[in-house]
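**Q** the sequence and its predicted three-dimensional model are supplied below.
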Amino acid sequence: MNIIKKFKAPIIIGFIYLVLAFWLPDTAGKSISVAIDYAKEMVFIIPPVFILMGLLEVWIPKDKIQQWLGSSSGLKGILISFFMGTLPTGPLYVAFPLTASLLKKGASITNMVIFLGSWAALKIPQLLVEIKFLGGLFTLLRFVLTFTVIVIIGIFMEVLLKKKTT
Amino acid sequence: MVTIITIYSILAICLVLSFWKSKQKTLKAFKIATKGFLKTAPSLLTILGIIGLLLGILTPETISRLIGVEAGYLATAMAAILGAITLIPSLVAFPLAGSLLHSGATIMTISAFITTLVMVGVVTAPMEIKSLGKEFTLLRNGLSFLGALVIAVIMGVILQ
């Protein structure tokens, strides 16, 4: 029973696929091949990310995370978060559990929003593709504006969420 | 490929160091990893299913039809919404955006598509909620959507 409850959403989606297979077999076929493509990617990327998360929990002490990424880490915290985010480390959904453990260890909301934002929008391999297809000026302008906006959102969210908890 | 090489190199270095320093702690890390994985497995499957459905229906051709034909602010709004709800790998998204630009879409529309695509994740929201909470997720994605629109407008004006 418990397992069924846990997998309720995937089961519903499986059912949608089934309906689609009868109704629009072409679309269903395309959907399934896309899902398989992404599954392949997940199989390679998910295990190392979770192991790294485990290592982080075991080895990095709380006060170190607080010092590097905490509320008083200032510009250093912002730069570390930004740099960690831009590394070529895979799709955004693997960053969420990682962010959760960093938050638990004392990282600030501002820094974690910057981390997630850079991870999603300012990844180095992605920028290279962007320059190729949309040009250097477009990429540079988007990079600068996005970074600015992400930092503002981060600071704003920390203020909003902190007010609520205290 | 770069991604996989990077991530496994980082992992290898960390694991060697960890084993060398303490076998016990390393095993504990594996236990935490397994537990975390089992906890997120259902939402991973959900995301996988939604991505498949979305990309099966909203193919690059469909997207370019939706954004490409109309000019003006309606196209920009459409691009922003499509960007927010889809999750397209950059290797597909940027060539698509480039070809739309050549076929006459405005810079503002293309920027809106790219910025919301990378900054807002409706598809990944279930997993973000599971890890970071509803409030955090809604705020981050909502503010990012607004921010993405602002960026698109600024880029449209500057690069016109």
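**A** Cool, got the structure.
**Q** now do the helices in chain A.
**A** Along chain A, counting by DSSP state H, helices occupy A:2-6, A:8-23, A:25-59, A:62-69, A:74-86, A:95-104, A:109-121, A:124-134, A:136-165.
**Q** quickly compare the ones you listed and say which is most buried.
**A** helix A:109-121 (a mean of 26; mean count of other C-beta atoms under 10 Å in any protein chain shown). The C-beta positions use only the backbone N, C-alpha and C, and glycine is treated the same way.
**Q** what's in contact with that helix?
**A** A:69-71, A:73, A:77-78, A:80-82, A:84-86, A:89, A:92, A:95-96, A:99, A:102-103, A:107, A:146-147, A:150-151, A:153-155, A:157-158, A:161-162, B:115, B:118-119, B:121, B:136, B:140, B:144 (C-beta atoms under 8 Å, 6 or more residues apart in numbering or on different chains).
**Q** excluding its backbone neighbours, what's nearest the residue nearest in space to the middle of chain A?
**A** Centroid check for chain A by C-alpha atoms, centre = their mean gives residue A:92 as the closest residue, at 3.0 Å. Leaving out its chain neighbours, the residue that sits closest to residue A:92 by C-beta to C-beta, 6 or more residues apart in numbering or on different chains is residue A:120, at 4.8 Å.
**Q** residue B:124 is in contact with the residue nearest to the centre of chain A, correct?
**A** Yes. With contact defined as C-beta atoms under 8 Å, residue A:92 reaches residue B:124; the gap is 5.8 Å.
**Q** any buried residues in the lowest-mean-pLDDT helix or strand in chain B, and which?
**A** Lowest on mean pLDDT, DSSP states H and E among the helices and strands of chain B sits helix B:60-68, with a mean of 80. For helix B:60-68, burial by neighbour count (16 or more other C-beta atoms under 10 Å in any protein chain shown) applies to B:60, B:63-64, B:67-68.
**Q** contact partners of it?
**A** Helix B:60-68 is contacted from outside by B:75, B:78-79, B:82, B:86, B:88, B:92, B:96, B:99-100, B:103-105, B:109, B:113, using C-beta under 8 Å, 6+ apart.
**Q** low-confidence stretches in chain B?
**A** B:68-71 (pLDDT under 70).
**Q** can you give me the helices in it?
**A** Under DSSP H, chain B gives helices at B:2-21, B:23-57, B:60-68, B:73-85, B:90-102, B:107-119, B:125-132, B:134-158.
**Q** just those: most buried one?
**A** Per stretch, and counting mean count of other C-beta under 10 Å, the top mean among those goes to helix B:107-119, which has a mean of 27.
**Q** find the nearest non-adjacent residue to residue A:105, please.
**A** In this structure, residue A:105 finds its nearest non-sequential neighbour in residue A:65, 4.0 Å apart by C-beta to C-beta, 6+ apart.
**Q** would you agree that neighbour is in contact with residue A:106?
**A** Yes. Residue A:65 is within contact range of residue A:106, at 5.0 Å (criterion: C-beta under 8 Å).
**Q** one step back: against residue A:61, how distant is the residue nearest to the centre of chain A?
**A** 27 Å (C-beta to C-beta, to the nearest Å).
**Q** and for residue B:15?
**A** Separation of residue B:15 from residue A:61 (C-beta to C-beta) stands at 19 Å.
**Q** next: residue B:31.
**A** Applying C-beta to C-beta to residue B:31 and residue A:61 gives a distance of 19 Å.
**Q** do the same with residue B:135
**A** The spacing between residue B:135 and residue A:61, counted by C-beta to C-beta, is 28 Å.
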